[in-house]
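1. quick one: sequence plus predicted model below, questions after.
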Amino acid sequence: MSSAKLTDEDLSVSLHDLFFQFLLIGAVSFGGGIIAYERILLIEKRRWLTADEFMGYLAISQTMPGLNSVNLAVLAGDHLRGMLGAFVSTIGLILPGSLFVLIIGVAYTTNTDHPLANIILSGVAAAACGLLAAITYRIGDEHWKHLKSLFIIVPTFILMSLVKLSLPIVLLIMAPIAIYIYRPRVRS
């Protein structure tokens with residue numbers, strides 16, 4: 001991930017294109033769907049990253065503080081064009097959402113008692129949930145086919161969504177189970 005050595009292929013990605021593509025992602029995505037759009041852009045549409053590179057950067061993004069999508073934009077931008085690429089990708093990604101939230105925030109504070117305001121917010125929340133479900137399914141495409149993975153996915157969903165346990169408690173319960181299920185096997 002060091003930006004010290006950029007190849008000619010890396011430099012073929014223009015800063016303008018990097019900014020514009022991440023600006024589009026920031027403009028058309030809501031909630032968890034942003035990771036799906038980043039995946040489509042980086043792997044399928046532009047082929048700037050391989051699927052393994054994307055998953056590696058996503059894993060790193062999830063361990064860093066802040067939003068996973070922004071962290072991913074920083075890492076991908078750095079990979080493609082160094083520090084300037086990281087900056088351009090990040091600004092492109094957060095600019096539309098920041099402006100949208102600012103405008104909606106001002107509009108909502110002046111119209112909090114209007115019945116349409118809560119209906120619109122409910123619709124946005126439903127869209128964000130749908131996009132999050134879609135990206136979860138898409139990123140974990142191979143894991144849905146394995147029984148071992150389902151022994152982790154289903155109980156985690158139940159504990160978080162139905163039982164409503166906090167994330168740290170669910171991690172304390174599910175992490176040892178996942179480690180046990182995916183432990184390395186010694187072959188004789």
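-> Received the coordinates, thanks.

2. so where's the longest helix in this protein?
-> As assigned by DSSP state H, the longest helix anywhere in the chain is helix 68-110.

3. check which element follows that one along the chain.
-> For helix 68-110, the following helix or strand on the C-terminal side (DSSP states H and E) is helix 115-139.

4. how close does L18 get to E44?
-> L18 sits 17 Å away from E44, going by CB to CB, to the nearest Å. C-betas here are computed from N, CA, C, even on glycine.

5. those two: which has the busier surroundings?
-> For the pair L18 and E44, the greater number of neighbours falls to L18 (24 against 9), based on other CB atoms under 10 Å.

6. can you tell me the helix or strand for the more buried one?
-> helix 15-28.

7. quick one: residues in contact with the helix or strand just after that helix.
-> Following helix 15-28 in sequence order, the next helix or strand is helix 33-39 (DSSP H and E). Outside helix 33-39, the residues that touch it by CB atoms under 8 Å, 6 or more residues apart in numbering are 25-26, 28-29, 54, 58, 68-69, 72-73, 76, 93, 128, 130-132, 134-135, 138-139.

8. distance from the chain centre to helix 33-39, please.
-> 6 Å (CA atoms, centre = their mean, to the nearest Å).

9. what mean pLDDT does it get?
-> The average of the pLDDT scores along helix 33-39 is 86.

10. go on, stretch 166-173?
-> On average, stretch 166-173 scores 92.

11. who are the contact partners of F100?
-> Counting by CB under 8 Å, 6+ apart, F100 has no contacts.

12. I meant to write G140 there.
-> The contact partners of G140, by CB under 8 Å, 6+ apart, come to 149, 153.

13. from I40, how far off is it?
-> 16 Å.

14. please apply the same query to P155.
-> From P155 over to I40 the distance is 30 Å, taken as CB to CB.

15. ok, for I169, nearest residue in space, not its chain neighbours?
-> Once flanking residues are discounted, I169 sits nearest to L159: 7.8 Å by CB to CB, 6 or more residues apart in numbering.

16. let me see the contact set for that neighbour.
-> The contact partners of L159, by CB under 8 Å, 6+ apart, come to 165, 169-170, 173-174.
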